[in-house]
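# have a look at this prediction, sequence included:
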Amino acid sequence: MDVIFDLGGVLLTWDPPAMLSSVFEDPHERARVLDRLFGDPDWIELDRGTLPVAKAIERAAQRTGISADRLRTLFDVMPSWLVPVPAAIELVRALRAAGNRLFVLSNMQRATLAHIETAYDFLALFDGRVFSCEVGECKPEPAIYRRLLDTFALDPSATVFIDDHQANLDAAAAFGIATIRFETVEGCRAELEALGCV
């Protein structure tokens, strides 16, 4: 079987509210940043790799009323908040040992990807990867799924995709890919076992 993993919220911790709390004491500021930065279309363009961080910060400062310097602090600490989940990485190792091919399909900004590649070695466990910032396409856009399938000659009927967002799973299912909504490592493992992957 070919198994595709999302990263943030699956193999890596991703907790924007906690991260925001580490930078902004005021809950009203945190709410504005969550809504007007993470919830703004600019966030997708950052993931796509088409919007420079400096420009994104400038525009977010205008939308939120929070200074560019303080928003820059958030961007500086952001990569360090994505940390491998040990139990999830062990699941990846088990899947590899069982003979599955493994792939990554992730929306990720350039600075975060650079940090992960430098700080951790788990990406070496995968047979291939497609990152939004490297291809200019983002989940749940169909083009990024087609790119992954075509680049690595994947058969959708023999492929499963694991993600924590239903919209991303629905887009994969439209290609005939089996999907698992990630909530816990244990639950994900059980679903993979039911598919005969581990």
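Nice, thanks for sending it over. Numbers count the residues shown, from 1 in each chain.
# quick one, strands of this protein?
Remark: strands assigned in the chain by DSSP state E are 2-5, 101-106, 128-131, 159-163, 178-181.
# point out the most buried one among those.
strand 2-5 (a mean of 26; mean count of other CB atoms under 10 Å). Bear in mind the C-beta positions are built from the backbone N, C-alpha and C, glycine included.
# Ser132 touches Ser106, doesn't it?
Yes: assessed by CB atoms under 8 Å, Ser132 is found in contact with Ser106 at 6.9 Å.
# re earlier: for the strands of the chain, give me CSV that also has mean pLDDT and distance to Leu169.
Listed next are the strands of the chain as CSV, based on pLDDT from 0 to 100; distance: least, CB to CB, whole Å:
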stretch, mean pLDDT, distance to Leu169
strand 2-5, 98, 11
strand 101-106, 98, 11
strand 128-131, 98, 16
strand 159-163, 98, 5
strand 178-181, 98, 4
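# among those, which is nearest Arg32?
When those are compared by CB to CB, strand 101-106 sits nearest Arg32, at 26.6 Å.
# packing partners of the closest one?
Here strand 101-106 touches strand 2-5, helix 86-97, strand 128-131, helix 142-151, going by 3 or more CB pairs under 8 Å, 6 or more residues apart in numbering; DSSP states H and E.
# winner for burial among these?
strand 2-5 (a mean of 26).
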